[in-house]
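Model the structure of this input:
(one chain, ligands or ions: 2)
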Amino acid sequence: MQGIWTTERIRAAEDRLLAVTPDGELMRRAAFGLSVHAAEMLAEHTGSVSGRRVTLLIGSGNNGGDALWAGAFLRRRNVAVSAILLKPERAHGPGLAALKRSGGKVVSIKDSPQWIRRADLVVDGIVGISARGPLRPDAAALLEYVSSPVLAVDLPSGVDPDTGAVEGPAVAADRTVTFGALKPVHALAPASCGEIALVDIGLRPELGEPDLRRLDTADVAAAWPTPGPDDDKYSQGVVGVAAGSATYPGAAVLAAGAAVRATSGLVRYAGHAADVVRGHWPEVIATGSVTDAGRVQAWVVGPGIGTGNEGRDVLRFVLGRGVPVCADADATTIIARSPDVLDARDPDTPLVLTPHAGEFERLMGSPPGADRVAAARSAARKYDAVVLLKGHCTVVAAPDGRALVNTPRGSWLATAGSGDVLSGLVGALLAAGLDPWLAAGAAAHVHSLAGALAAGGVPTSASGILGAVPDALRSLRSPAS
Ligand SMILES: NC(=O)C1=CN([C@@H]2O[C@H](COP(=O)(O)OP(=O)(O)OC[C@H]3O[C@@H](n4cnc5c(N)ncnc54)[C@H](O)[C@@H]3O)[C@@H](O)[C@H]2O)[C@H](O)CC1
Ligand SMILES: [K+]
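Numbers count the residues shown, from 1 in each chain. Ligands and ions are numbered 1, 2, ... in the order given. This next block holds a predicted model:
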């Protein structure tokens, strides 16, 4: 799992490292790595490095210092480097001196439009981990002239480093070179960061436990159950799916289908859509009611069950079975409306809630807000449940404080029924015995992989996503993914 640290932790670690590192050494290490990526981008986009034009946008802190030093390193490769200083009197002194010594130019801000327009590469050294609030107007004004590829220093300016929130004009980088460790912005705002490169500046030993994590494909591949020689249909876990109704069988078909495709475990369905589910998935043992569904190792409950008394009784029954439960869709609304339904739950029974922003608001009384990690963590504590907060970047928080971010692959999942597929995937992994937090994270990872595969660049549907689950699982095992 990739570790992610908040800016506060990064700054504290950098201070500890700075105390034992020769003055300016850390910055030069960072800046040299930055210059290598800048040269790479020049070669990629223009076919050459020497003689190419790079324009540096320089803020008043060390982020600008990194960019200035990188400009000085690029001068060694005969790159024409020009710096636009937003606050000349506050630009990083040693970095500016290094750029000037190397033959780099400082151009006045009034001439910035042409220096930005004619650049082969723009380097965003406006602001880094000390960013506060929206991008300041003088900095924002520069962005409108950018037409070349953009390389962001540490993080794209104008994006909140700890929440990934964008409240106004912001840099949209083709590549972000960050230093020492990933910050939350790198997982929460992938579209603003572009390709992310991490330059090691020796910070890791100072960092300690991460604040956030991101599952990489290898983690999901290792976690995902595959049948072994001693397995049978029961040993991989039997999952029950209580979803759908006679009028809305679709949610049941999607959730049960996702459970069928997720693992080799047996899937039981219970509800009024039994005939339709049986027709789509002959391998599913379908019954008309949860009370005669037979033993399962986990339940998925909620999609399409309705929020009336019958739905509440189904939810209460399932919560009382003493097995992990993934409560989705209508079940979330029932819990928000009548939290006493949770009294049926044995306190040790793991519960996974999978709200989208609207369901989150019903659960918590207010929308998730800009800091979606904090929001998911507060809901996890309140309900003593794993909370998978859906969104462009899905966040999964556990009651013990663990949190992970699933970096999206586009926005293909925003389609009706997509959540039903996700809940089926979660339920199958819970039945297979995965840690509920890991089960939710792995399911979200495969769900977004399947979405991207199903879409192939054009809008898709929940059935398309469901159909792509096997390919998504296969891609976990192919090195390219
Ligand atoms: N510590 C090190 O040796 C290393 C630091 N690295 C780089 O340093 C930056 C963090 O630098 P810092 O001086 O703390 O602040 P910033 O450069 O991020 O910002 C400073 C400056 O920006 C202005 N500002 C704040 N908010 C905004 C905004 N919304 N819009 C515009 N301008 C804003 C404010 O005036 C601040 O004074 C870090 O990101 C790295 O790039 C390297 O990691 C190497 C080691
Ligand atoms: K930046």
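
So which bits of the chain are right by ligand 1?
By Cβ under 6 Å from any ligand atom, the part of the chain that sits against ligand 1 consists of 14, 18, 26-27, 30, 59-64, 66, 126-136, 139, 153-154, 179, 201. Quick note: C-beta positions are derived from backbone N, CA and C, even for glycine.

which of those residues are buried?
Buried subset of these (neighbour count, 16 or more other Cβ atoms under 10 Å): 14, 26-27, 30, 59-64, 66, 126-129, 131, 134-136, 139, 153-154, 179, 201.

among those residues, which are in strands?
Those of these mapping onto strands are 153, 179, per DSSP state E.

ok, and of the buried ones among the residues of the chain next to ligand 1, which contact ligand 2?
When contact is defined as Cβ under 5 Å from the ion, these meet ligand 2 at V153.

Run through the stretch 251-400 of the chain and note the low-pLDDT ranges.
Nowhere does the stretch 251-400 of the chain drop to pLDDT under 70.

how close does the closest residue to ligand 1 within it sit to D211?
Residue nearest to ligand 1 within the stretch 251-400 of the chain (Cβ to the nearest ligand atom): A370, separated by 13.9 Å. Separation of A370 from D211 (Cβ to Cβ, to the nearest Å) stands at 16 Å.

what does T333 give?
In terms of Cβ to Cβ, T333 sits 31 Å off from D211.

for S147, same thing?
Applying Cβ to Cβ to S147 and D211 gives a distance of 37 Å.

Now the helix or strand hosting E310: buried residues?
Using DSSP states H and E, the element containing E310 is helix 309-319. Within helix 309-319, the residues that qualify as buried are 311-319, counting by 16+ other Cβ under 10 Å.

same thing with stretch 394-414?
Applying 16+ other Cβ under 10 Å to stretch 394-414 flags 394-399, 402-409, 412-413 as buried.

now stretch 259-276
259-274, 276.

Which residues of the stretch 101-250 of the chain lie near ligand 2?
124, 152-153, 157.

For D124, which three-state class applies?
strand (DSSP: H, G, I helix; E, B strand; the rest coil).

Now for it: which residues touch it?
Contacts for D124 (Cβ atoms under 8 Å, 6 or more residues apart in numbering) come out as 57, 67, 150-153, 156-157, 171, 173.

now A440
A440 touches 326, 352, 354, 386, 388, 396, 426, counting by Cβ under 8 Å, 6+ apart.

and with 6 Å instead?
352, 386, 388, 396, 426 (Cβ atoms under 6 Å, 6 or more residues apart in numbering).

Tell me the confidence at it?
Looking at A440, its pLDDT is 98.

ok so, going back, most surrounded residue in the contacts of A440?
V426 (34 neighbours; other Cβ atoms under 10 Å).

I'd like the next helix or strand past the helix or strand where that one lies.
Assigned by DSSP H and E, V426 belongs to helix 418-431. Following helix 418-431 in sequence order, the next helix or strand is helix 436-455 (DSSP H and E).

just the CA coordinates of that next one, formatted as CSV?
Output in CSV follows, covering the C-alpha atoms of helix 436-455 (Å, rounded to 0.1, in the frame of the first residue of the first chain):
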residue,chain,number,x,y,z
PRO,A,436,-13.9,-5.2,6.0
TRP,A,437,-11.8,-2.0,5.3
LEU,A,438,-9.6,-3.9,2.9
ALA,A,439,-12.7,-5.6,1.3
ALA,A,440,-14.3,-2.2,0.7
GLY,A,441,-11.1,-0.7,-0.7
ALA,A,442,-10.3,-3.7,-3.0
ALA,A,443,-13.9,-3.8,-4.3
ALA,A,444,-13.7,0.0,-5.0
HIS,A,445,-10.4,-0.6,-6.8
VAL,A,446,-11.8,-3.4,-9.0
HIS,A,447,-15.0,-1.5,-9.6
SER,A,448,-13.1,1.5,-11.0
LEU,A,449,-10.9,-0.8,-13.1
ALA,A,450,-14.0,-2.4,-14.5
GLY,A,451,-15.6,1.0,-15.2
ALA,A,452,-12.6,2.1,-17.2
LEU,A,453,-12.4,-1.2,-19.1
ALA,A,454,-16.1,-1.2,-19.8
ALA,A,455,-16.1,2.5,-20.9
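
residue contacts, the closest residue to ligand 1 within the stretch 1-150 of the chain?
Nearest residue of the stretch 1-150 of the chain to ligand 1 (Cβ to the nearest ligand atom) works out as G128 at 1.8 Å. Applying Cβ under 6 Å, 6+ apart, we find G128 in contact with 63, 154.

ok, 8 Å please
Shown in contact with G128 (Cβ under 8 Å, 6+ apart): 61-63, 66, 153-155, 157, 161.

measure it to R213 for me?
For G128 relative to R213 (Cβ to Cβ), the value is 22 Å.

again with V159
20 Å.

between these two, who's got more neighbours?
V159 (28 against 21).

That one reaches P169, doesn't it?
No. Under the criterion of Cβ atoms under 8 Å, V159 is not in contact with P169, lying 10.5 Å apart.

Once you drop chain neighbours, what's closest to the residue lying farthest from the centre of the chain?
Distance from the C-alpha centroid of the chain peaks at R101, with 42.0 Å (Cα atoms, centre = their mean). The shortest distance from R101 to any non-neighbouring residue, by Cβ to Cβ, 6 or more residues apart in numbering, is to A72 (7.1 Å).

Right, and ligand 2 sits closest to which residue of the stretch 1-150 of the chain?
Closest to ligand 2 within the stretch 1-150 of the chain is D124: 4.4 Å, counting by Cβ to the ion.

Nice, that's everything, thank you.
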